[in-house]
Structure formats: C-alpha cells, structure tokens
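Participant: requesting a structural model of the entry that follows:
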Amino acid sequence: YAGRTELPESVKALFRPCAMITPDMDLICEIMLMSEGYSNGKVLARKFMMLYRLSEALLSAQKHYDWKLRAVKTTLNVAGGMKRADRTSTE
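Facilitator: Alright, predicted model coming up:
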C-alpha cells in the first residue's frame with residue numbers, strides 16, 4: 001500500500017519469523033453477511049464471491065482495482081447498512 005516502507009535490519013532482527021496463509025474469503029464473507037442480519041448468508045456469500053472473483057478475472061488489471069479482503073469487508077459493511085436501513089426488502 002502507498003506510504004509503506006521497508007523496516008531497517010536492526011528492527012527486523014527483533015522480530016521472529018512466522019508463517020502466513022491466505023484468508024478463507026468465502027467463510028469470512030459468509031460470517032460477515034450473517035452478522036449483518038442476512039439469513040441466507042451461506043448462499044449469498046457463495047454468489048458474492050463468485051461475482052467478485054469473476055470481476056477480478058475479467059476486468060483489466062489496474063492499480064485502482066482492489067480485490068483484497070479490505071474491499072470485500074467494505075462492500076459487505078455497506079450491504080449490511082442497506083439491510084438495516086430497509087428491513088422490509090428481500091435479500
């Protein structure tokens with residue numbers, strides 16, 4: 001991300017290495033939708049992630065497109081706000 005700088009070697013020496021894995025975006029999406037009040041969170045999460053991955057694959061690779069967890073969470077938070085604003089609408 002913009003503004004990020006490399007740590008100096010003297011600071012790096014103070015940290016232990018650790019293994020990182022990619023997050024399970026499908027599961028995170030499902031849990032976020034359920035916590036936002038969507039009763040069909042599992043189905044909606046599968047559809048959302050399919051659309052998201054398809055968009056990532058088909059749209060041109062440009063810097064302003066963000067396909068990471070931050071963008072997914074922002075989109076789902078907006079969806080939750082819309083759900084809370086209009087409780088009568090269907091999912």
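Participant: could you list the low-confidence segments of this structure?
Facilitator: Under the criterion pLDDT under 70, the flagged ranges of the chain are 1-2, 64.
Participant: let's see that with 90 instead.
Facilitator: Residue ranges of the chain with pLDDT under 90: 1-8, 11-13, 15-23, 36-41, 52, 55-71, 82-84, 86-91.
Participant: for it, what spans make up the strands?
Facilitator: Read by DSSP state E, the chain holds no strands at all.
Participant: helices along that one, start to end?
Facilitator: 9-12, 25-35, 41-58, 69-85 (DSSP state H).
Participant: now do the second one against helix 41-58, angle only.
Facilitator: Orientation of helix 25-35 against helix 41-58 (axes from the mean of the first three to the mean of the last three CA atoms, to 10 degrees) gives an angle of 130 degrees.
Participant: circling back: Serialize the helices of the chain to a markdown table and add fields for mean neighbour count and distance to Glu91.
Facilitator: To be clear about C-beta, it is placed using only N, CA and C from the backbone, and glycine gets the same treatment. A markdown table is the format used below for the helices of the chain (neighbours: other CB atoms under 10 Å; distance: least, CB to CB, whole Å):
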| stretch | mean neighbour count | distance to Glu91 |
| --- | --- | --- |
| helix 9-12 | 8 | 47 |
| helix 25-35 | 17 | 9 |
| helix 41-58 | 14 | 6 |
| helix 69-85 | 13 | 8 |
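Participant: for the ones you listed, which one sits closest to Gly3?
Facilitator: Closest to Gly3 of the helices of the chain, according to CB to CB: helix 69-85, at 14.9 Å.
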